[in-house]
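J.: please work out how this folds:
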Amino acid sequence: MKRKLLILCFSFALSAVIAQQYRTIKDLSYVSAEEPSTYRREICKLDLYYPEGKQGFKTLVWFHGGGLETGRKEIPHALQGKGFAVVGVDYRLYPKCKNPEYTDDAAAAVAWVYHHIGEYGGNPREVYVSGHSAGGYLTSMLCLAKGYLSRYGVDADSIRGYFPIAGQCATHYTIRKERQIPFDLPIIDQYAPLNNARKLGTKLVLITGDRHLEQMAR
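T.: Have a look, this model is predicted:
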């Protein structure tokens, strides 16, 4: 229930609720067919849900949660039928991949949307990024650590807005797990959104519960 309410908090900011037909295209690859990693070719796909026959619509890229270890791409029901497109993204997961490959996949997916959404009628200047839990962490990292998106030819500030929901602001606990660092020992290094704080040329909206509702480091 809390997750649904948090999603609704920002969906109204993007929405234009009208009678509209929507189409879903599943399993679009956002990496090159020449990608050498079989796992990356298999998992790095996205589902595109968009309003048919509409031009200039906004698009929200959505990253699922699951601690960077579980979860699959989704188009949350609370975000459907609002007049904008939603892109659900699959990305590589631990232990089949290691940091920073998760974030690199997230950047590749956002860049694909930025470069291709115009082919479906969307406005590339109206691309937003969000996600819950691990997806919130990825969202924050893409916003604050500009190098991930710039590798794919996108300025992080050219994304219209970022809405991380309950994302960790310290280095993610699964990244600490890779290093055999205890769960309850927070680390703030180059893989922590906090350590990449910068003056923004875009919008970042942090959505989270209080200390009694959230895990440590959120």
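
J.: for this structure, which segments are assigned as helices?
T.: Using DSSP state H, the helices of the chain run over 2-14, 38-43, 101-116, 134-144, 147-150, 173-178.

J.: now do the strands in the protein.
T.: Taking DSSP state E as the test, the strands found in the chain are 22-29, 45-51, 57-63, 85-89, 122-132, 161-165, 203-204.

J.: packing partners of the last one?
T.: So the one you mean is strand 203-204. In terms of contacts (3 or more CB pairs under 8 Å, 6 or more residues apart in numbering; DSSP states H and E), strand 203-204 is packed against helix 134-144, strand 161-165. For every residue, glycine as well, the C-beta is placed using N, CA and C.

J.: mind pulling up the pLDDT for residue 216?
T.: Residue 216 is assigned a predicted lDDT (pLDDT) of 67.

J.: can you put the strands of the chain in a markdown table and add mean pLDDT?
T.: Below are the strands of the chain laid out as a markdown table (pLDDT from 0 to 100):
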| stretch | mean pLDDT |
| --- | --- |
| strand 22-29 | 98 |
| strand 45-51 | 98 |
| strand 57-63 | 98 |
| strand 85-89 | 98 |
| strand 122-132 | 98 |
| strand 161-165 | 97 |
| strand 203-204 | 98 |
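
J.: thinking again about what came up before, let's have the helices of the chain in TSV, adding mean neighbour count.
T.: Listed next are those as TSV, based on neighbours: other CB atoms under 10 Å:
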stretch	mean neighbour count
helix 2-14	15
helix 38-43	14
helix 101-116	22
helix 134-144	28
helix 147-150	19
helix 173-178	20
